[in-house]
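>>> Okay, predicted coordinates and the sequence, questions at the end:
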Amino acid sequence: MVLKVSGLRRAFGPVTILDKFNLEVREGEAVALTGRNGAGKSTLLRCLVGADKPDDGTIEVNGTKLTESAVEIRRDMATVIDDLDFFPDLSVVEHLDLLARAHGLSDPEPVVDEILHEVQLIPQSGQLPGTLSSGQRRRLALATAFVRPRKLLILDEPEQRLDTEGIAWLSGRLKEERENGLAIVFASHEPSLVNTVATRILHLGAARAGEPLAPTRDESLAEPSLTPEDVVAGTPTTAEPGGQQPAQKTTQKQPAKKPRPSQGRKPKTPNQRSTANQRRNR
């Protein structure tokens, strides 16, 4: 059990957003929160990460009760729920280097370079975050979650401001993370992301006219086309007439060498270079 929510209640004045909400998420599970705007998705996520305090109920991460100062929870939980505030005088690559080092990576540069390549920010690695486009800032925000160790990932509409290619990349990345044992809770309005990643779907909020009643407790509302089996199933191969599989090409291309950030990091001192070389020689 990675995340356990029991009897959660959150109200704003006379308006109750969440009441007696229960949720359990285990390793390798991804729970998608769906529902119209104002249904309580962001409120729930903010409670889960400690940014908002519920009126009643408990939240546990890996058996530890959620508190603002719990080191174990901050170590295990990665989040992207709001637009992040970046340091104005640190470049893109320096942000990720700092975050990786803060979470205990002894040699973060190869990890950071790999993530920058994946989110397609190598050309912008030396820029300040304030100079990025909105879509690039969203990619950087996601990179801050992927560059650090994590057992639980919480995301609020991570597809925001991503183009079609970016959503396809994010869907594949989150599916891979789930298959490797990460627990994920995310809110989304993007059907393709939900279909690819989620093992359970929770539809929050009061139903509109003609809609079925939405639950306030942990309950899957997956349609037949969104069963867990369909979500995680791979794409079948297509056979040629006669039952023969398409011929496979024997020529294999050598993988292209991935570029590394050419700017953005401050030059290392001789002592830092010596320490880095010692780590590589171990």
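Arrived safely.
>>> Tell me the spacing between residue 107 and residue 101.
Distance, residue 107 to residue 101, using C-beta to C-beta, to the nearest Å: 10 Å. Backbone N, C-alpha and C define where each C-beta goes, glycine included.
>>> which residues are in contact with both of these two?
Counting by C-beta atoms under 8 Å, 6 or more residues apart in numbering, residue 107 and residue 101 have no contacts in common.
>>> Residue 91 is in contact with residue 131, isn't it?
No: counting by C-beta atoms under 8 Å, residue 91 does not reach residue 131; the two are 9.8 Å apart.
>>> between these two, which one's more packed in?
residue 91 (22 against 11; other C-beta atoms under 10 Å).
>>> Distance-wise, check that one relative to residue 119.
15 Å.
>>> Also residue 102?
Distance of residue 102 to residue 119, computed by C-beta to C-beta: 19 Å.
>>> More neighbours: which of the two?
Ranked by neighbour count (other C-beta under 10 Å), residue 102 and residue 119 place residue 119 first, with 24 against 10.
>>> list the contacts for the more buried one?
With the criterion set at C-beta under 8 Å, 6+ apart, residue 119 makes contact with 139, 140, 142, 143, 146, 169.
>>> Show me the strands in the stretch 1-150 of the chain, by range?
3-12, 15-25, 30-34, 56-61, 64-65, 77-80 (DSSP state E, counting those that start in this stretch).
>>> Looking at those strands, which is nearest to residue 179?
Comparing the strands of the stretch 1-150 of the chain against residue 179 with C-beta to C-beta, the closest turns out to be strand 30-34 (9.7 Å).
>>> What is the closest one packed up against?
The helices and strands touching strand 30-34, judged by 3 or more C-beta pairs under 8 Å, 6 or more residues apart in numbering; DSSP states H and E, are helix 41-48, strand 183-187, helix 191-197, strand 200-203.
>>> so which of those gets nearest residue 176?
Across those, closest to residue 176 is helix 191-197 (C-beta to C-beta), at 9.8 Å.
>>> Give the buried residues for that closest one.
Counting neighbours by 16 or more other C-beta atoms under 10 Å, one finds that the buried residues in helix 191-197 are 193, 194, 195, 196, 197.
>>> cool, stretch 61-77 as well?
Neighbour-count burial for stretch 61-77, counted by 16+ other C-beta under 10 Å, picks out 61, 62, 66, 73, 75, 76, 77.
>>> so who does the second one touch?
Neighbouring residues of residue 62 by C-beta under 8 Å, 6+ apart: 1, 2, 72, 73, 76, 151, 152.
>>> And the strands of the stretch 1-150 of the chain: which comes nearest residue 125?
If you check each of those against residue 125 by C-beta to C-beta, strand 77-80 wins as the nearest, at 19.4 Å.
>>> What lies in contact with that closest one?
By C-beta under 8 Å, 6+ apart, the surrounding residues in contact with strand 77-80 are 49, 61, 141-142, 144-146, 148, 150-156, 158.
>>> ok, now stretch 157-177?
Counting by C-beta under 8 Å, 6+ apart, 30, 80, 118-119, 134-135, 137-139, 142, 146, 153, 184, 186-190, 192-193, 196-197, 232 sit against stretch 157-177.
>>> State whether residue 96 and residue 147 are indeed in contact, as I suppose.
Yes: counting by C-beta under 8 Å, residue 147 is a contact partner of residue 96 at 5.0 Å.
>>> intersection of neighbour lists for those two?
Common contact partners of residue 96 and residue 147 (C-beta under 8 Å, 6+ apart): 108, 112, 115.
>>> Output the residues you listed in TSV; the columns should cover pLDDT, distance to residue 12 and neighbour count.
What follows is those, written out as TSV (pLDDT from 0 to 100; distance: C-beta to C-beta, whole Å; neighbours: other C-beta atoms under 10 Å):
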residue	pLDDT	distance to residue 12	neighbour count
108	90	41	20
112	96	40	27
115	96	37	23
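>>> Thanks a lot, catch you later.
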